[in-house]
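>>> coords please:
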Amino acid sequence: MKLALPGCLHNACAATQAGGAHAAGAPGFWYGLWHGIIFPLAWIVSLFTDKVAVYAVPNSGGWYDFGFFLGIVVFGVGARGGHRVVVQRR
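You can find the predicted model right below:
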């Protein structure tokens, strides 16, 4: 059991995306950003239809992921999560 954790960590670090996953003209940073911003709506629609997905595959890799992350955290759902207004009356 003690040897399982180092083996899992080694395999996780060595994981790569399949060569055929990168296609010419695949969605890049800007599509990732857009998909991150519309994530909540796309997720709800994806529950009812197989034609809509929340994540584009194949994509351009790291730049798509970075755009998707920014779309969700900065401009999308995550941007509203930390906003709190405190009003104190005297």
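
>>> hey, where'd the helices end up in this protein?
With helices called from DSSP state H, the chain shows them at 4-13, 29-37, 39-46, 62-70, 77-81.

>>> tell me the mean pLDDT over the shortest one?
On average, the pLDDT along helix 77-81 is 62.

>>> ok, now the second one?
Per-residue confidence for helix 29-37 averages out to 92 on the pLDDT scale.

>>> and what of the longest one?
Helix 4-13 shows a mean pLDDT of 59 in the predicted model.

>>> one more: the fourth one?
Taken as a whole, helix 62-70 carries a mean pLDDT of 92.

>>> tell me what that helix is packed against?
For helix 62-70, the packing partners by 3 or more C-beta pairs under 8 Å, 6 or more residues apart in numbering; DSSP states H and E come out as helix 29-37. To be clear about C-beta, it is placed using only N, CA and C from the backbone, and glycine gets the same treatment.

>>> in the helix it packs on, which residues are buried?
By neighbour count on 16 or more other C-beta atoms under 10 Å, the buried set for helix 29-37 is Phe29, Tyr31, Gly32, Leu33, Trp34, His35, Gly36, Ile37.

>>> would you turn these into TSV with distance to Val52?
Rendered in TSV, the data for the buried residues of helix 29-37 read as follows (distance: C-beta to C-beta, whole Å):
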residue	distance to Val52
Phe29	21
Tyr31	14
Gly32	16
Leu33	18
Trp34	14
His35	11
Gly36	15
Ile37	15
